[in-house]
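[1] Got a predicted structure plus its sequence, pasted below:
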Amino acid sequence: MFQFIHVETYALKASTKQRPVKPPKDGKAPINPPKVKNKYSAGQIIDEVLREPDAIPHVANPEKPNFILGSEDDLRTLIPRIEAAAASYKNPKDGRKLRSDAHVLLAGVASYPREAAEDNPSNYEKWKAKTVDFLREKYGDKLVSVVEHQDESHPHLHFYCVDFENLNAKMLHDGHRAAAQLPQLSKEAGLAFKGAMREYQNNYYQNVGAQVGLTRIGPGRKRATRQEWNAQKAEAKELAKAYEATSEIVNEATLQAQSIVNETRQERIKLEQERRDFEVEQITFYEKRRELIAAMKKAKEFQAQLHDVEVIQKSRHEMLLKQEKAYQEKLRLTDDIRLRLTDDYLREHGIGLHADMVDVDFTQTNEWLDMCDPTKAQNYGSNDIEFGR
């Protein structure tokens, strides 16, 4: 029970180059052996996975494929989309159009043992999920479709990748990408190709195979005895259990870490809200402070104006007092003058005053003038005024 995953690149037009078919391992020449092997086109590969009748002579009872990533419409329109992109493509270096035999599609297949899938369906589902995660992690948005088949000897997944920007599928292939750094068809390029694909298998084993109980290499490749092979399978199962136990620990630790992260995030949100509230309060405080300073400034200005008013009022009051004093002084002088004039008049006309009239203030009435007039003396009694005395 070992892992199997394989990737290959294809062009829109099938290659016309022919390669000799490898002889059988037993060294015996087959009857009427084919001398050449033609490579398929990208369209033929898509027809095979879609189970088109003319493309599946090797499938006795074809079944409808199960689309895990993408849809049937996406896959059926994939070749037209690649053709449209190829028609408008120009090499950024020399401006040339894309060659008709340029590899534009990366296709791969990963399979799982039938017996293992039937004995432990949940483990098979786990293998599918981890394989899809592996492909997504590796190819990113260039992974356009993942399709499941159950109508052959082993259940398997087909996957397809396209880079619509530069349309060079070989740069998505680990082996071709490593070999492209070295002289073409050189021994070093071949070794780089093999080393990159070996690393590809190792990565798949670490991320998928070892976690579902699959061995890295089958018994035939390592020439192991049946006992050794059984021991390796048992070891793979134990390794898968260890991975599962570790995964549970990791999941629990992840949940705890996530809980801590969530609590930290909530605390950070709370602190952030408190910081914002504080900033609002600080802004409000400074606004109130500015308003208070402005009010104090206005109060000082008003106080200064009030002081000026008080000074003016005090000045006016002092002026009024002076005016009042001057008026009283004038009034006193006027009274003195009036008294002197009255005395002088009486003496000039020889008019005497009774003793009870000494204290009379003649400045307060005009009747004294009538009494002092000889022509009006008859209106008053003789006891009131004496003439000629």
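    That came in fine, so what should we check first? Note that the structure is predicted; figures quoted are calculated from it, not measured. Numbering: from 1, shown residues only.
[2] Make sure I have this right: E8 is in a strand.
    Yes. Assessed by DSSP: H, G, I helix; E, B strand; the rest coil, E8 belongs to a strand.
[3] For the protein, give me the ranges with low pLDDT.
    Applying pLDDT under 70 to the chain picks out residues 16-38, 218-251, 351-389.
[4] so how far is P53 from the residue nearest in space to the middle of the chain?
    Computing the C-alpha centroid of the chain and ranking residues by C-alpha atoms, centre = their mean puts I269 first, at 14.2 Å. Using C-beta to C-beta, to the nearest Å, I269 is found at 60 Å from P53. Every C-beta, even on glycine, is put in place using the N, C-alpha and C of the backbone.
[5] where along the stretch 151-300 of the chain do the strands fall?
    156-161 (DSSP state E, counting those that start in this stretch).
[6] and what of the stretch 1-150 of the chain?
    For the stretch 1-150 of the chain, the strands defined by DSSP E, counting those that start in this stretch occupy 4-11, 66-69, 103-111, 143-149.
[7] Of those strands, which stretch is the most buried?
    strand 103-111 (a mean of 22; mean count of other C-beta atoms under 10 Å).
[8] wait, what's in contact with Y139?
    L106, C161, L172 (C-beta atoms under 8 Å, 6 or more residues apart in numbering).
[9] again, but for Y200
    Counting by C-beta under 8 Å, 6+ apart, Y200 has contacts I5, V7, D174, G175.
[10] mind redoing it with 10 Å?
    By C-beta atoms under 10 Å, 6 or more residues apart in numbering, the contact list for Y200 reads I5, H6, V7, G108, K138, H173, D174, G175, A178.
[11] One more: H317?
    No contacts exist for H317 under C-beta under 10 Å, 6+ apart.
[12] Which element, helix or strand, includes it?
    helix 226-348 (DSSP states H and E).
[13] Now find how far off-centre that helix is within its chain.
    Distance of helix 226-348 from its chain centroid, counting by C-alpha atoms, centre = their mean, to the nearest Å, is 33 Å.
[14] same check, this time on stretch 64-84
    Centroid separation between stretch 64-84 and its chain, computed with C-alpha atoms, centre = their mean, is 34 Å.
[15] Find the nearest non-adjacent residue to Y40, please.
    Leaving out its chain neighbours, the residue that sits closest to Y40 by C-beta to C-beta, 6 or more residues apart in numbering is A14, at 6.0 Å.
[16] My guess is that neighbour contacts K39. True?
    Yes. With contact defined as C-beta atoms under 10 Å, A14 counts as touching K39 (6.0 Å).
[17] what about the residue nearest to the centre of the chain, distance to Q181?
    Applying C-beta to C-beta to I269 and Q181 gives a distance of 49 Å.
[18] Can you give me the distance of the residue nearest to the centre of the chain to Q44?
    Between I269 and Q44 the computed distance is 56 Å (C-beta to C-beta).
[19] In contact with the nearest residue to C161 once chain neighbours are set aside, which residues?
    Once flanking residues are discounted, C161 sits nearest to L106: 4.2 Å by C-beta to C-beta, 6+ apart. Taking C-beta under 10 Å, 6+ apart as the criterion, L106 is in contact with 7-10, 42, 139, 142-144, 159-163, 168-173, 176.
[20] List the beta-bridge partners for L106.
    T9, C161 (DSSP bridges).
[21] Count the residues that sit near the residue lying closest to S41 once chain neighbours are set aside.
    Sequence neighbours aside, A14 is the residue nearest to S41 in space, at 4.1 Å (criterion: C-beta to C-beta, 6+ apart). If you count neighbours by other C-beta atoms under 10 Å, A14 ends up with 15.
[22] Next up, the contacts around A14.
    N38, K39, Y40, S41, A42, G43, Q44, D101.
[23] In a markdown table: those residues, plus distance to Q305 and neighbour count.
    Converted to a markdown table, these look like this (distance: C-beta to C-beta, whole Å; neighbours: other C-beta atoms under 10 Å):
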| residue | distance to Q305 | neighbour count |
| --- | --- | --- |
| N38 | 107 | 12 |
| K39 | 102 | 17 |
| Y40 | 101 | 17 |
| S41 | 99 | 18 |
| A42 | 94 | 25 |
| G43 | 96 | 21 |
| Q44 | 100 | 15 |
| D101 | 98 | 15 |
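[24] which of those residues lies closest to I283?
    Among these, A42 lies closest to I283 (C-beta to C-beta), at 64.0 Å.
[25] residues contacting the residue nearest to H176 when sequence neighbours are not counted?
    Excluding the flanking residues, the one nearest H176 by C-beta to C-beta, 6+ apart is K170, at 3.8 Å. With contacts defined as C-beta under 10 Å, 6+ apart, K170 is in contact with T9, A102, H103, V104, L106, H176, R177, A179, A180.
[26] Surely the fourth one is in contact with F164?
    Yep, that's V104 we're talking about. Yes. Between V104 and F164 there is a contact under C-beta under 10 Å: 9.3 Å.
[27] shared neighbours of those two, anything?
    Common neighbours of V104 and F164 (C-beta under 10 Å, 6+ apart) are I82, A85, A86, Y89.
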